[in-house]
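**Q** Dropping the sequence and predicted coords here.
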Amino acid sequence: DRIKIGSSHSFRMAAFLFLITDDTDIYTIIIHYLCSPKSYKSETEVISVEGLSVEFNATPLFEDVSYVINKKDRIALVGKNGAGKSTMLKILAGLQSPTHGVVATPKDVTIGYLPQVMILSDNRTVMGEAEQAFEHIFELQAKLERMNQELAERTDYDSEEYHQLIDRFTHENDRFLMMGGTNYQAEIERTLLGLGFSREDFDRPTSEFSGGWRMRIELAKLLLRRPDVLLLDEPTAQLDPIAARNFLHALFRVNRELGCTVVVATHEPELMADYATCAFELVDGAVRAVENLGRFKCEATLAERGALCDANAPAAVSARGAWFRYGRDDDWVLRGLDLEVRQGEVHALVGGNGCGKSTLLALIAGARRAQRGEVRSAISAKAMLPQDPKALFAEERVDEELMEWAHIGGYGADEVQAMMGELGLADLSLIHISE
């Protein structure tokens, strides 16, 4: 006779001990799985996605998507705008529920999520904003202070309640020490310095920094929480090419030193080619493994527009000796700027983060005024698309928002529908703008 384990799948995380005697009856043992055998994952997996489907107003975005993210992976999640990269990250972070399917994460795995649009307080310094990562420590510290005050005020030293209070204080104080309550300041400094900030930056208001540097402040807050998985939505979108590569290099140094898994959603996969260990592409409602990110590398060329421009065309925008700074005691962002852009011309405004590109656009659009010199525009109808367009939205759905702006511009419904088709928005017209 023999013992048979009646299962066609390997069974892990279990041990069997059999004591066989002459009086022992031998039975077939059948193992019943509590869920699909596919759900019993490898110890290296930190996130498992199975049969994921997402629909918006009956329009499918993903259909029956399955994949696995392992420890220490550096993953590029690529796809064109509107493919669903941001939605996928929100689902992985637990901030949004899929229509169907399962996203499984071990209980001891923590996830940090950096959204594409961040909310930072302009009333804090860089150090003050980074300290928000330790808000739980501050709450515990305040609790200990209250308990200590109560111990000092009470006189029933022999009562059971007093001794219970001492026990609770001791337990919470041990937690406080284990969480780094006495050395968090040094940890903040190390993290900020590692992301390129100087000590002189620590006491500067966050409002003085460009979008790229403000993104680094938010990343610092995530790193200080020591997550097992980092989900980053377009973190290099507001960075110049050099800053983007420096950021990715710093990010994946964190991946190596801390051992955390990194997932970066990007529409610029060529930037990730030298850093990612694997990649997934979102296309046509499916997630496909990308064997070679290098295939996304391409040479971007600017079309030669000179032949289309009239050298005698009048100036559309001009600046003469323009100076600008944000505060009376701040450094000048623009110094004696001279500029002329003729009608019909196409200009690329390039420069490192914080050099004044957004400031100059705001001057041209009339959103700000130069303190010295002048910036003139011969065109009454101007449009500026800021880095964060969220503040421009007035409606909830895509079609409602476009019709609102079409009314301002004098366009009809048919023209709006045609434009939506050209920009790939036709299937997204009923979706909430936040999605």
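**A** Sure thing, it's come through. Everything numeric here is computed off the predicted structure, so don't read it as measured data.
**Q** from here on, contacts and neighbour counts on C-alpha atoms
**A** Fine.
**Q** can you pull the contacts of E404?
**A** Each residue near E404 by C-alpha atoms under 8 Å, 6 or more residues apart in numbering is listed here: E395.
**Q** Which helix or strand lies directly C-terminal to the helix or strand hosting it?
**A** Per DSSP states H and E, E404 falls inside helix 398-409. For helix 398-409, the following helix or strand on the C-terminal side (DSSP H and E) is helix 413-422.
**Q** Pretty sure R175 sits in a helix.
**A** Yes: applying DSSP: H, G, I helix; E, B strand; the rest coil, one finds R175 inside a helix.
**Q** ok, it to E150 distance?
**A** Distance of R175 to E150, computed by C-alpha to C-alpha, to the nearest Å: 19 Å.
**Q** List the beta-bridge partners for the residue most central in space within the chain.
**A** With the centre of the chain defined as its mean C-alpha position, the nearest residue by C-alpha atoms, centre = their mean is L114, 2.6 Å away. Note on L114: beta-bridge partners by DSSP bridges are L232.
**Q** Could you tell me the average pLDDT over the helix holding E404, please?
**A** Per-residue pLDDT over helix 398-409 has a mean of 84.
**Q** Same question for stretch 187-199.
**A** In this model, stretch 187-199 has an average pLDDT of 85.
**Q** i'd like the first residue to be 26 from this point on
**A** Right, with 26 as the first residue, what we last looked at is stretch 212-224.
**Q** Outside of it itself, list whatever touches it.
**A** Contacts of stretch 212-224 (C-alpha under 8 Å, 6+ apart): 152, 155-156, 241-242, 245, 248-249, 272, 275.
**Q** Filter these down to just the ones in strands.
**A** Per DSSP state E, strands hold no members of these.
**Q** mind giving me TSV with those residues and columns for neighbour count and distance to L117?
**A** Below are these laid out as TSV (neighbours: other C-alpha atoms under 10 Å; distance: C-alpha to C-alpha, whole Å):
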residue	neighbour count	distance to L117
M152	20	29
A155	24	24
E156	19	26
R241	17	22
I242	23	23
A245	23	21
L248	21	18
L249	19	20
F272	19	23
A275	14	23
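**Q** thinking again about what came up before, report the angle between the helix holding E429 and helix 438-447.
**A** Helix 423-434 runs at 120 degrees relative to helix 438-447, counting by axes from the mean of the first three to the mean of the last three C-alpha atoms, to 10 degrees.
**Q** List the buried residues for helix 423-434?
**A** Buried residues in helix 423-434, counted by 16 or more other C-alpha atoms under 10 Å: 423-428.
**Q** Point out where this protein drops to low pLDDT.
**A** By pLDDT under 70, the weakly predicted segments of the chain are 26-68, 143-146, 203-207, 318-336.
**Q** Could you pull out the strands in it for me?
**A** With DSSP E as the criterion, the chain has strands spanning 30-31, 54-55, 70-81, 84-95, 99-103, 125-129, 136-139, 254-258, 286-291, 303-308, 311-315, 340-349, 359-367, 397-402.
**Q** Which one of these lies nearest to M445?
**A** Set against M445 and scored by C-alpha to C-alpha, these come closest in strand 84-95, at 16.2 Å.
**Q** Can you spell out which helices and strands pack onto that closest one?
**A** Strand 84-95 sits against strand 70-81, strand 311-315, with contacts defined as 3 or more C-alpha pairs under 8 Å, 6 or more residues apart in numbering; DSSP states H and E.
**Q** and stretch 243-257, how far apart are its ends?
**A** Terminal residues of stretch 243-257 lie 11 Å apart, using C-alpha to C-alpha.
**Q** ok, residues contacting stretch 273-290?
**A** Residues outside stretch 273-290 that contact it (C-alpha under 8 Å, 6+ apart) are 95-103, 110-111, 114, 219-220, 252-260, 297, 300.
**Q** sorry, back to before: ok, which of the strands of the chain comes nearest Q442?
**A** Q442 lies closest to strand 84-95 among these, at 17.6 Å (C-alpha to C-alpha).
**Q** Quick check: buried residues in that closest one?
**A** In strand 84-95, counting by 16+ other C-alpha under 10 Å, buried: 86-88, 90-91, 94-95.
**Q** can these go into CSV with extra columns for distance to E225?
**A** Below are the buried residues of strand 84-95 laid out as CSV (distance: C-alpha to C-alpha, whole Å):
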residue, distance to E225
L86, 46
F87, 47
E88, 50
V90, 47
S91, 47
I94, 39
N95, 39
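**Q** and of those residues, the nearest to G361?
**A** For those, the minimum distance to G361 (C-alpha to C-alpha) is 50.0 Å, reached by L86.
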